[in-house]
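Asks: mind looking at a prediction? Sequence and model below.
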Amino acid sequence: MDNKKLKEIKETSKNVREHIISISNKGGAFIGSALSCSDLIVFLYKNFLNVNKDNYQSKNRDYFFLSKGHAVPALYGILVELGMLEKERLNNHLQTNDFIYWHPNTKIPGVDFHSGSLGHSLSIAVGVAIDLKLEGNKNKVVVLMGDGELNEGSIWESLLIANAYKLDNMIIIIDRNQIQANLYTEELIPLNPLNLKFESFGCSVKQIDGHNFLDMHETLKEFPFEKNRPSVMIADTIRGKGISSIENKINKWFVENNDFELIEYFNELNISHEYEFEMSN
Amino acid sequence: MNYEEKLIELAHKNENILILTAENRASIRNLPKVISNKFIDTGICEQTLVGISAGLALRGKVPIVHAIAAFLTMRAFEFIRTDIGYPNLNVKLVGNFAGFLSEGNGPTHQAIEDISLMRTIPNINIFCPADIDDLIKGLSTVINYNRPFYIRYNDLQPIVEHEEFALGKAEVFGDGNEIGIFVYGTLFNEAYNAKEILESEGYSVRLINLRTLKPIDEYEIINTINSCKTIVSIEDHYRIGGLYSIITEIIVKEKLIADFLPINLQNKFFKPTKFKNILTHEGFAANNLVNKIKEYLYKKEKKIDVEWSNVK
C-alpha cells in the first residue's frame, strides 16, 4: 500500500470518526463500540471489499455483515464517505421520518442485512458463503463481531458448519476491545485463549492491531489465510478509540453528549489527526 | 406421489430451490441421493439452520428447511422472527412431528404451541395440510409463493380426495346447518369420520378443512358461523393462540354470536404413546369427538329448558 492510499484511508478514518460522534448529541449512541471498530470498517471498504456505490445492489459483490449492530454509527460513517448515504440523513438520527437508529437496517443503502440481536449475522453469512460456493462465485463475505458477542452459542454452531463446508471465502473479524456492555470480557466469561478456540473449530487465525492500517493491509492481503478454512482476524482494539474521555471507560458504553462536549471531541480528533499526519509525512 | 417425489419435481422446475435440514431426515431420507447438489444438512442446530436459510434467501434461493417442529418453532423462534419474518424472506419452514404426531417422544417433542408462535410473527404464513394428498396438492403453490411459510408437515394417509388448493381458501365438506366443524392438519381424518357418524345419526353437519391458518379463510368462517347453530373447532394444539383463538378473534371483530365448542389441549401436555392411542386417550378419536359434540348439544338444550322454566 503506497503512502497516498494510506493518507486517503487516514483521512477517511478521521471523517468517519466525526460522523460517529456527530450523532452522539442526537439522542445518544453506542459510539464507544463504533469507535473501536471504525478503523477496521474504513479499511475494509477502502481497501478490501469489492463494494461501492455502483455495485452494492448487485449479486456479484462482496458482502459485509456488521454483527455487533450497536457499532452502526461507524457503518453510517463509511457509507456517507462512499456516497451511498447522504450525510444530511445523519441529522435524522432517531427521528421518526427516517431509519437512522441504534442498529443497522436494510433501509439504509449499502446495509446488507439488519442486525441488533447478537450472534445472528454469522449464520446468515454462512448461508451467503455457501451460496457463493454453490454458484462458483468468487466474491467474499466479511463478518465483523464484537468479542462480547462470542458469548452467544449460535456463533459456535455457525463455526462448526463453516468448517464443515470449508468456507474459505469468508473472514470473521473480531473487534477485540476486551469490554462488553458492562464488564471486561475476561472478568465475566473469559474468552482467552481466543485464537486457540477458533483454531480448534477449524479456522485459520491471525491477530493484528485493529487501529494499524499497515497491519490490516499485510494481514488481509493473505486472505484466505488457508485454503478450505474460514479465516479469523482478531483485531486488538480500544473501545472509544480517539476520544480520551471515552477510551476504555467501562461506563461509556452508551454515550449521550451535549453540544459543548461534542465540540471538545471534534477538537480532540482534529488535533490527534494533525499529529498523526506530521508523524507519517 | 409422495412428499419427496413432489419436492424433487419442484426442485427440477425451480433451480433456486434448496433442501435443508438440521439432521431431521425422516421425510426426506431419499433426497440426498437424487439431488445432493441442492441438499444441505447443517447438523443438529435449528437456530443456525434458520440463519443460514436467511442468508441463502438473501441471495435469491428458496430454502425448504426441515426440522422437528417443536425445536424449529421454539428453539429457533427468534431467528425465524428476526431473520425470516422481519425481512420477509422466501423461506419455507417445514416442521415435522407436530401436534399428536410426536407420538411416544414426550413433552420435549410436543409442538402444541407452534401455530400460536408462528402466526404471531409478521409476514409468516401457515400451511397445515390434512394429509399427504392435501400436502402434495398445496406444496407447489406454497413453495412458488414468494413469501415465508411455516408448513405443519404430516404424511397421514388420506381418507378423502382433496380439491385443488388455493391460498387462503378453505375446503368445505357438506352444507349442513346444525353443526359446523372447523379443523386443520392432523385431526382432519378424525373430524371427517365424526361428521359421517353424526350424519348417520341424523345431524346436519358441515366440515371446514382450513388448510392455511394464515392467511385464514375469513369468508368461510363467517359464513359457517352465520349458517350453523353450533360450531366446533378441533386441533391438537393449545387452546391459547391456535384455531380457537383465530375464530374467536373473528367473532369479536365481526360482532357475531356463536355457540362454540372448542376441542383442543387446555394448557397441558398430552400422554406420550402411539398416535392412535393418543387420539383415544386424549379424546380426539372420531367417536370421542362425536360424544363431546352430542354432550355439548345436550347441555345447550338443557340450558334453554332451564331458562324457559325461569321465565315461567
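Replies: Good, I have the coordinates. Given the structure is predicted, the values throughout are model-derived calculations rather than measurements. Residues are numbered from 1 along each chain as shown, chains lettered A, B, ... in the order given.

Asks: so who does the residue nearest the centre of chain B touch?
Replies: Taking Cα atoms, centre = their mean, the centroid of chain B lies closest to B:C128, which sits 3.2 Å from it. For B:C128, the contacting residues are B:115, B:151-152, B:184-185, B:210-213, by Cβ atoms under 8 Å, 6 or more residues apart in numbering or on different chains. (Each C-beta comes from the backbone N, C-alpha and C, glycine too.)

Asks: B:I80 now?
Replies: Here B:I80 is in contact with B:50, B:72-73, B:93, B:118, B:121, B:124, B:150 (criterion: Cβ under 8 Å, 6+ apart).

Asks: mind redoing it with 10 Å?
Replies: Going by Cβ atoms under 10 Å, 6 or more residues apart in numbering or on different chains, B:I80 touches B:46-47, B:50-51, B:53-54, B:65, B:72-74, B:86, B:91, B:93, B:117-118, B:121, B:124, B:148, B:150.

Asks: try B:V290
Replies: Taking Cβ under 10 Å, 6+ apart, we find B:V290 in contact with B:190, B:193-198, B:200-201, B:203.

Asks: select from those residues every entry located in strands.
Replies: In strands, judged by DSSP state E, none of those are found.

Asks: got JSON lines for these, with neighbour count too?
Replies: Converted to JSON lines, these look like this (neighbours: other Cβ atoms under 10 Å in any protein chain shown):
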{"residue": "B:E190", "neighbour count": "23"}
{"residue": "B:N193", "neighbour count": "16"}
{"residue": "B:A194", "neighbour count": "29"}
{"residue": "B:K195", "neighbour count": "24"}
{"residue": "B:E196", "neighbour count": "17"}
{"residue": "B:I197", "neighbour count": "17"}
{"residue": "B:L198", "neighbour count": "23"}
{"residue": "B:S200", "neighbour count": "9"}
{"residue": "B:E201", "neighbour count": "10"}
{"residue": "B:Y203", "neighbour count": "17"}
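
Asks: closest one to A:D62 out of the residues you listed, please.
Replies: Taking Cβ to Cβ as the measure, A:D62 lies nearest B:E190 of those, at 54.3 Å.

Asks: please name the nearest non-neighbouring residue to the closest one.
Replies: B:A286 (4.8 Å; Cβ to Cβ, 6 or more residues apart in numbering or on different chains).

Asks: tell me if I'm right that that neighbour and B:F188 touch.
Replies: No - B:A286 is beyond contact range of B:F188, at 11.1 Å (criterion: Cβ atoms under 10 Å).

Asks: which one's more surrounded, these two?
Replies: B:F188 (28 against 19; other Cβ atoms under 10 Å in any protein chain shown).

Asks: A helix includes the more buried one, no?
Replies: Yes - counting by DSSP: H, G, I helix; E, B strand; the rest coil, B:F188 is part of a helix.

Asks: what pLDDT is listed against it?
Replies: Here the pLDDT value assigned to B:F188 is 98.

Asks: assign the residue in the stretch 1-150 of chain B positioned nearest to chain A to helix, strand or coil.
Replies: Taking Cβ to the nearest Cβ as the measure, the stretch 1-150 of chain B has B:G55 as its residue closest to chain A, at 2.1 Å. Assigned state for B:G55: helix (three-state reduction, three-state DSSP).

Asks: and the contacts of B:I80, which are buried?
Replies: B:46-47, B:50-51, B:53-54, B:65, B:72-73, B:86, B:91, B:93, B:117-118, B:121, B:124, B:148, B:150 (16 or more other Cβ atoms under 10 Å in any protein chain shown).

Asks: any idea how far the longest strand anywhere in chain B is from the chain center?
Replies: For chain B, the strand that runs over the most residues, judged by DSSP E, is strand B:230-238. Relative to the chain's own centre, strand B:230-238 is displaced by 11 Å; criterion: Cα atoms, centre = their mean, to the nearest Å.

Asks: C-alpha coordinates for that strand, PDB please?
Replies: Extracted in PDB, the C-alpha atoms of strand B:230-238 (Å, rounded to 0.1, in the frame of the first residue of the first chain):
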ATOM      1  CA  THR B 230     -73.300 -24.700  16.800                       C
ATOM      2  CA  ILE B 231     -69.700 -24.500  15.700                       C
ATOM      3  CA  VAL B 232     -66.800 -26.700  16.800                       C
ATOM      4  CA  SER B 233     -63.100 -26.300  16.500                       C
ATOM      5  CA  ILE B 234     -60.800 -29.300  16.600                       C
ATOM      6  CA  GLU B 235     -57.000 -29.100  16.900                       C
ATOM      7  CA  ASP B 236     -54.000 -30.800  18.500                       C
ATOM      8  CA  HIS B 237     -52.800 -27.500  19.900                       C
ATOM      9  CA  TYR B 238     -53.100 -25.500  23.000                       C
END
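
Asks: quick check: next helix or strand after it?
Replies: Past strand B:230-238, further along toward the C-terminus, the next helix or strand under DSSP states H and E is helix B:243-253.

Asks: how far off strand B:230-238 does that next one point, in degrees?
Replies: Orientation check (axes from the mean of the first three to the mean of the last three Cα atoms, to 10 degrees): helix B:243-253 against strand B:230-238 gives 130 degrees.

Asks: could you pull out the buried residues of helix B:243-253?
Replies: B:243-248, B:250-251.

Asks: which other helices and strands does it contact?
Replies: helix B:114-119, strand B:179-183, strand B:212-214, helix B:218-227, strand B:230-238, strand B:259-265 (3 or more Cβ pairs under 10 Å, 6 or more residues apart in numbering or on different chains; DSSP states H and E).

Asks: what pLDDT, on average, does it get?
Replies: 98.

Asks: quick one: that helix to strand B:179-183, angle?
Replies: 120 degrees.

Asks: quick one: helix B:243-253 to strand B:259-265, angle?
Replies: Helix B:243-253 and strand B:259-265 meet at an angle of 150 degrees, taking the same axes, to 10 degrees as the criterion.

Asks: flag the shaky bits of the chain, pLDDT-wise.
Replies: Picking chain A for this. For chain A, the stretches with pLDDT under 70 are A:280-281.

Asks: that's the other chain; I wanted chain B
Replies: For chain B, the ranges with pLDDT under 70 are B:304-312.

Asks: what distance do you get for the spatially closest residue to B:D217 that is not a sequence neighbour to chain A?
Replies: Closest residue in space to B:D217, ignoring its immediate chain neighbours: B:A170 at 3.9 Å, by Cβ to Cβ, 6+ apart. Look at B:A170 and chain A: by Cβ to the nearest Cβ, to the nearest Å, they are 35 Å apart.

Asks: now do the contacts for B:A170.
Replies: B:182-184, B:207-212, B:216-221, B:223-224.

Asks: next: B:E201.
Replies: Counting by Cβ under 10 Å, 6+ apart, B:E201 has contacts B:290, B:294.

Asks: same thing with B:A98?
Replies: B:68-70, B:72-73, B:109-112, B:114-115, B:128, B:150-154, B:185-186, B:236-237.

Asks: so the residue in the stretch 151-281 of chain A that chain B sits nearest to: helix, strand or coil?
Replies: Closest to chain B within the stretch 151-281 of chain A is A:E157: 4.1 Å, counting by Cβ to the nearest Cβ. The three-state label given to A:E157 by three-state DSSP is helix.

Asks: my read: it touches B:E46, true?
Replies: Yes - contact criterion Cβ under 10 Å: A:E157 and B:E46 qualify, at 9.4 Å.

Asks: so for stretch B:1-20, first residue to last residue, what's the gap.
Replies: Its start and end residues considered, stretch B:1-20 measures 21 Å (Cα to Cα, to the nearest Å).

Asks: and chain B, which of its residues are near chain A?
Replies: B:18, B:20, B:22, B:37-38, B:40-61, B:63, B:76, B:78-79, B:81-83, B:86-87, B:89 (Cβ under 10 Å from any Cβ of the partner chain).

Asks: now with 6 Å, please.
Replies: Residues of chain B found near chain A (Cβ under 6 Å from any Cβ of the partner chain) are B:42, B:45, B:47-48, B:51-52, B:54-56, B:59, B:82.

Asks: brilliant, that's me finished.
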